[in-house]
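> my questions concern the predicted model and sequence given below.
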Amino acid sequence: MSDLLQATDLRRHYRVRTGQGLFAPKAVLRAVDGVSLALRPGRTLGLVGESGCGKSTTGKLVLGLVPPTSGTVHYRGQTLPPVGTPAWRGLRRHIQMVYQDPLGALDRRLPIGTQIEEPLVIHAKAAGAAERRDRALATMESVGLQRHQYERYPHELSGGQRQRVVLARALMTEPDLLVCDEPISALDVSIQAQVVNLLLDLQDRLGMAYLFISHDLKVVRQVSHDVAVMYLGRIVEQGEAESLFAAPAHPYTRALVAAIPAVDFGGGSKRERMLLQGDPPNPVNVPSGCAFHTRCPFATAQCRAEAPTLQPLARGRMVACHRVHEPALQVAA
């Protein structure tokens with residue numbers, strides 16, 4: 001099966017001031033620094049990592065909302081056109097976004113029905129007002145909203161209902177891919193499970209692919225077929241979700257997985273908890289060599305001097321770690 005979306009060596013660097021004042025010196029912030037991803041039709045790729053690792057920026061690069069410093073994004077073999085161009089707008093109806101804050105993603109001045117219909121107006125997908133309304137009502141019902149809520153305003157709905165509105169609006173153009181950027185983190189715990197189940201149901205019925213961006217590995221494990229783990233702008237491990245969660249190979253992935261509450265790793269046993277030391281380094285001043293070496297209990301002189309590249313492990317897994325093949329660190333993948 002060919003890839004629906006392929007990102008190759010994506011980089012997004014920013015020039016930022018390192019002090020106060022107009023003439024303060026500038027440095028390079030490497031928000032995304034050489035990320036390659038592939039997503040097949042109908043599958044979910046979970047993109048995980050701590051806050052500030054570059055997950056959301058990667059999602060924006062995939063959508064074309066920000067231009068890459070270098071690297072390419074291909075959708076169905078076609079290079080993603082420059083943002084704002086007619087070709088980009090034509091392609092964007094196939095790739096939609098679900099935002100973290102549903103209230104912030106909606107216009108509080110307009111009824112939700114009008115906002116759900118908006119993509120049809122932008123992309124000229126419906127002939128008239130009656131057809132737009134009928135399609136909006138049908139889509140509302142498909143995501144668990146009631147027809148009488150068509151005239152409601154965002155502030156009159158609960159957080160879970162607002163996220164369903166955002167989903168309904170994204171579905172109006174019948175996309176092949178949804179980029180979900182922390183889609184449940186702003187919701188109450190009691191509502192999160194409902195939205196996750198809705199996403200799974202929509203994927204099963206409509207065959208969409210998801211790029212699911214989250215720091216919550218418990219949810220990522222539930223929804224993802226494949227997982228990529230980011231640290232300071234780079235992918236440190238990627239592979240099938242079942243294999244990765246059962247036997248995480250990179251020390252950073254091990255620490256993240258071990259922190260998931262009540263994780264059963266097979267056979268009824270729990271993996272020994274591995275605590276990360278300290279905070280992630282400043283992305284403006286990334287350590288030399290492996291960026292994780294300042295927090296890694298297995299770091300060596302090579303780790304401090306030489307940046308590792310992704311290398312194959314078992315079952316298609318890729319890991320960026322100098323010591324992953326050593327007996328002391330090997331896992332049954």
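Great, that's in hand.

> so who does Arg234 touch?
Arg234 makes contact with 33-35, 291, 320, according to Cβ atoms under 8 Å, 6 or more residues apart in numbering. Placement of C-beta: from N, CA and C, glycine included.

> residue closest to the middle of the protein?
For the chain, the residue sitting closest to the mean C-alpha position, by Cα atoms, centre = their mean, is Ile213 at 2.2 Å.

> check the secondary structure at that residue for me.
Following DSSP: H, G, I helix; E, B strand; the rest coil, Ile213 is assigned to strand.

> I'd say it and Ile184 touch.
No. Assessed by Cβ atoms under 8 Å, Ile213 is found out of contact with Ile184, at 11.1 Å.

> and Thr72, what are its bridge partners?
Listed by DSSP bridges, the beta-bridge partners for Thr72 are Thr8.

> count the neighbours of the closest residue to Leu217 other than its chain neighbours for me.
Distance criterion Cβ to Cβ, 6 or more residues apart in numbering; nearest residue to Leu217, sequence neighbours excluded, is Ile260 at 5.1 Å. A count of nearby residues for Ile260, using other Cβ atoms under 10 Å, gives 17.

> gap between Ile260 and Val219?
With the distance defined as Cβ to Cβ, to the nearest Å, Ile260 ends up 10 Å from Val219.

> circling back: what's the farthest-apart pair in the contacts of Arg234?
Greatest spatial distance in the contacts of Arg234: Val35 and Ala291, 13.4 Å, computed using Cβ to Cβ.

> quick one, strands of the stretch 51-200 of the chain?
70-75, 78-79, 95-98, 177-181 (DSSP state E, counting those that start in this stretch).

> neighbouring strands - and their directions - for the last one?
By that I understand strand 177-181. Strand 177-181 has these strand partners (DSSP bridges): strand 95-98 (parallel), strand 209-214 (parallel).

> tell me which residues are up against that strand.
Under Cβ under 8 Å, 6+ apart, the answer for strand 177-181 is 4-5, 39, 55-56, 59, 62-63, 75, 94-100, 170, 199, 208-214.

> only the buried residues of that strand, if you could.
177-181 (16 or more other Cβ atoms under 10 Å).

> give me the element the residue nearest to Leu217 is part of.
Using DSSP states H and E, Ile260 sits within no helix or strand.

> tell me if I'm right that it and Val220 touch.
No. Contact criterion Cβ under 8 Å: Ile260 and Val220 do not qualify, at 9.5 Å.

> the longest helix anywhere in the chain: which residues count as buried?
For the chain, the helix reaching the highest residue count under DSSP state H is reported as helix 189-206. Neighbour-count burial for helix 189-206, with 16+ other Cβ under 10 Å as criterion, is recorded at 191-192, 194-196, 198-199, 202-203.

> circling back: in a markdown table, list the buried residues of strand 177-181 along with distance to Gly278.
Output for these, formatted as a markdown table (distance: Cβ to Cβ, whole Å):
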| residue | distance to Gly278 |
| --- | --- |
| Leu177 | 36 |
| Leu178 | 35 |
| Val179 | 31 |
| Cys180 | 30 |
| Asp181 | 27 |
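
> helix/strand/coil for Thr309?
coil.

> what's the answer for Ile235, then?
Under the three-state scheme (three-state DSSP), Ile235 adopts strand.

> quick check: closest non-adjacent residue to it.
Leaving aside its chain neighbours, Ile235 sits nearest to Ala228 (5.2 Å; criterion: Cβ to Cβ, 6+ apart).
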